[in-house]
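Asker: everything below, folded, please.
(chains A and B)
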2 protein chains.
Amino acid sequence: MFMNEMTKAECLSTLAHSRLGRLACSYENQPYIVPFYFVYENSYLYGFTTPGQKVEWMRSNPLVCVELDEVVNETEWMSIIIFGSYEELPETQEDREHTNLRRHAHSVLQQHAEWWQLGAVSSTHRNPVHPFVAVFYRIHIDRISGRRVTPSHDRPMN
Amino acid sequence: MFMNEMTKAECLSTLAHSRLGRLACSYENQPYIVPFYFVYENSYLYGFTTPGQKVEWMRSNPLVCVELDEVVNETEWMSIIIFGSYEELPETQEDREHTNLRRHAHSVLQQHAEWWQLGAVSSTHRNPVHPFVAVFYRIHIDRISGRRVTPSHDRPMN
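Answerer: You can find the predicted model right below:
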């Protein structure tokens, strides 16, 4: 087996073709991980969710970590780690920049219509009385790195 | 789609049949996620790794989060979240309890021999001069919860 560091270009290329990752936030030094769907564009991961513990924690502490991996088995896998910062995109009449960013996030994300259903079911399950509330956000990629393990030098993972 | 909370028994049963998860630690409120292999036994996840940032951070702050999931697609998935605490199992002559626990961890983990190779290649890659050093640890499960999303009520995910 051989382990190689991935270049930044390789990491970003993988990111552009990925949708599912794990997002960790932290509050009073207690980390918390959730699986999440995202779309990568220009140094940002765009996503949306419903209000809850994750959002409260990221509002309180915007430092996050994103991990994505492809694990074939113990001898063949790759993992990408991102250190980033959470930025919420609220709908406000006062803040035109954020409103435009929210519209942009909506535009980027609506290519994957089923996400809406996922958010909706989550909201409905937790609070059947109140209507669906979407929280749009993006994560700025501050640092990105990746590692790839292959069984041998001449059998790189695709 | 329907979302259901999993019972503790369902979560633990899933854990007993799982090996791969994601582990998050946190230092100065910066979370950090890595994929990891574990074996579950009696309220603990046993694992080993090589020295590095993850170990340094967990020595400094033992609060961790473990996540495992099975994602078929956006409408069919399950995710388990564990809030736990890191406990290292060093080999010391003074501390008989830790030495016994380390032996127990070794016994639990050696059923999966390829993990040693993975640790070894990682160590070799990073520091070719120094010999392989294994860090044995376990994570106590303080809290566990899980969610399952299925396309309909009568098509539960296996």
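Asker: could you give the mean pLDDT of the helix or strand containing A:Pro35?
Answerer: For A:Pro35, the enclosing helix or strand under DSSP states H and E is strand A:30-37. Mean per-residue pLDDT for strand A:30-37: 94.
Asker: what does that strand rub up against?
Answerer: Strand A:30-37 is touched from outside by A:19-26, A:47, A:49, A:53-54, A:57, A:112, A:115, A:118, B:22, B:24-26, B:31-33, B:63-67, B:69, B:71, B:74, B:77, B:79, B:81, B:83, with contacts defined as CB atoms under 8 Å, 6 or more residues apart in numbering or on different chains. C-beta coordinates here come from the backbone N, C-alpha and C atoms, glycine included.
Asker: tell me the centre residue of chain A?
Answerer: Taking CA atoms, centre = their mean, the centroid of chain A lies closest to A:Phe38, which sits 4.8 Å from it.
Asker: and the gap between it and B:Leu101?
Answerer: A:Phe38 sits 39 Å away from B:Leu101, going by CB to CB, to the nearest Å.
Asker: hang on, the earlier thing: put the buried members of the contacts of strand A:30-37 into a PyMOL selection.
Answerer: Here is the PyMOL command that picks out the buried ones among these, judged by 16 or more other CB atoms under 10 Å in any protein chain shown:
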select buried, (chain A and resi 21+22+23+24+25+26+47+49+54+57+115+118) or (chain B and resi 22+24+25+26+31+32+33+63+64+65+66+67+69+74+77+79+81+83)
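Asker: pull the longest strand from chain A.
Answerer: strand A:135-150 (DSSP state E).
Asker: all strands of chain A, in order?
Answerer: A:2-6, A:20-27, A:30-37, A:39-41, A:44-49, A:63-73, A:76-88, A:135-150.
Asker: what angle separates the longest one from strand A:76-88?
Answerer: Orientation note: strand A:135-150 sits at an angle of 160 degrees relative to strand A:76-88 (axes from the mean of the first three to the mean of the last three CA atoms, to 10 degrees).
Asker: ok, the second one next?
Answerer: Taking the same axes, to 10 degrees, one finds strand A:20-27 and strand A:76-88 inclined to each other by 50 degrees.
Asker: what's strand A:20-27 in contact with?
Answerer: A:31-38, A:45, A:47, A:54, A:56-58, A:60-61, A:63-68, A:86, A:139, B:22, B:24, B:26, B:29-33, B:65, B:67, B:71.
Asker: centre of the chain versus that strand, how much separation?
Answerer: 7 Å (CA atoms, centre = their mean, to the nearest Å).
Asker: partners of it, with directions?
Answerer: strand A:30-37 (antiparallel), strand A:63-73 (antiparallel) (DSSP bridges).
Asker: ok, the first one next?
Answerer: Taking DSSP bridges as the criterion, strand A:2-6 sits next to strand A:135-150 (antiparallel) in its sheet.
Asker: next, the buried residues of the strand it pairs with.
Answerer: Those would be A:135-139, A:141, A:144, A:146-150, for strand A:135-150 by 16+ other CB under 10 Å.
Asker: show the average pLDDT along that strand.
Answerer: pLDDT averaged over strand A:135-150 gives 94.
Asker: helix or strand with the lowest mean pLDDT in chain A?
Answerer: helix A:114-126 (a mean of 50; mean pLDDT, DSSP states H and E).
Asker: on that earlier part again, residue contacts, the residue nearest to the centre of chain A?
Answerer: A:18-19, A:21, A:45-47, A:66, A:139.
Asker: tell me how far it lies from chain B.
Answerer: Computed as CB to the nearest CB, to the nearest Å, the A:Phe38 to chain B distance reads 13 Å.
Asker: what of A:Arg59?
Answerer: Distance from A:Arg59 to chain B, by CB to the nearest CB: 13 Å.
Asker: quick check: bridge partners of the residue lying closest to that residue once chain neighbours are set aside?
Answerer: Spatial nearest neighbour of A:Arg59, excluding adjacent residues (CB to CB, 6 or more residues apart in numbering or on different chains): A:Glu88 at 6.7 Å. Beta bridges link A:Glu88 to A:Tyr137, judged by DSSP bridges.
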